[in-house]
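Asker: model this:
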Amino acid sequence: MAASGEPGRQWQEEVAAVVVVGSCMTDLVSLTSRLPKTGETIHGHKFFIGFGGKGANQCVQAARLGAKTSMVCKVSVKYSGEDSRGKNLVLRPEFNVFI
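Answerer: The predicted structure is shown next:
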């Protein structure tokens, strides 16, 4: 919070501008009933694909805390060919993307 410097004026909240340069990736998540023992392979009962990466997670959390955020990352080909989630992200009109 910052004061305007004028007597009698209330404190005004400043919104931080955050630019994150970091990783954006696809998370492959398998849920299991327990943790495996060392060297053990166990079967999962549920599987899903999500959006992740340390940089992306930082950007999301900063935005949830009220900061104006921007993200700089590379969107590329992934494990099974073209990354459709990444492509959809790039094609969204609310993003300014330079490739």
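
Asker: all contacts plus neighbour counts: C-alpha atoms, from now on.
Answerer: Will do.

Asker: just checking, what's the longest helix in this protein?
Answerer: The longest helix of the chain (DSSP state H) is helix 54-64.

Asker: buried stuff in the next helix or strand along the chain from that helix?
Answerer: Following helix 54-64 in sequence order, the next helix or strand is strand 68-72 (DSSP states H and E). Across strand 68-72, burial judged by 16 or more other C-alpha atoms under 10 Å covers 69-72.

Asker: so residue 49 touches residue 29, yeah?
Answerer: Yes. Residue 49 is in contact with residue 29 according to C-alpha atoms under 8 Å; the separation is 6.2 Å.

Asker: please enumerate the strands of this protein.
Answerer: Assigned by DSSP state E, the chain shows strands spanning 17-21, 25-31, 46-52, 68-72.

Asker: in CSV, list the ones you listed along with mean pLDDT and distance to residue 62.
Answerer: CSV is the format used below for the strands of the chain (pLDDT from 0 to 100; distance: least, C-alpha to C-alpha, whole Å):
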stretch, mean pLDDT, distance to residue 62
strand 17-21, 90, 7
strand 25-31, 86, 18
strand 46-52, 85, 15
strand 68-72, 87, 7
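
Asker: possible to save those strands as a markdown table with distance to residue 38?
Answerer: Converted to a markdown table, these look like this (distance: least, C-alpha to C-alpha, whole Å):
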| stretch | distance to residue 38 |
| --- | --- |
| strand 17-21 | 35 |
| strand 25-31 | 17 |
| strand 46-52 | 21 |
| strand 68-72 | 37 |
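
Asker: for residue 40, which of those is the nearest?
Answerer: Counting by C-alpha to C-alpha, residue 40 lies closest to strand 25-31 out of those; the figure is 15.0 Å.

Asker: low pLDDT regions in the chain?
Answerer: Within the chain, the segments meeting pLDDT under 70 span 1-15, 75-99.

Asker: if you set the cut-off to 90 instead, what comes out?
Answerer: Low-confidence segments of the chain (pLDDT under 90): 1-17, 22-28, 48-57, 59-60, 63, 66-99.

Asker: so what's residue 55 closest to, chain neighbours aside?
Answerer: Leaving aside its sequence neighbours, residue 55 sits nearest to residue 22 (C-alpha to C-alpha, 6 or more residues apart in numbering; 4.2 Å).
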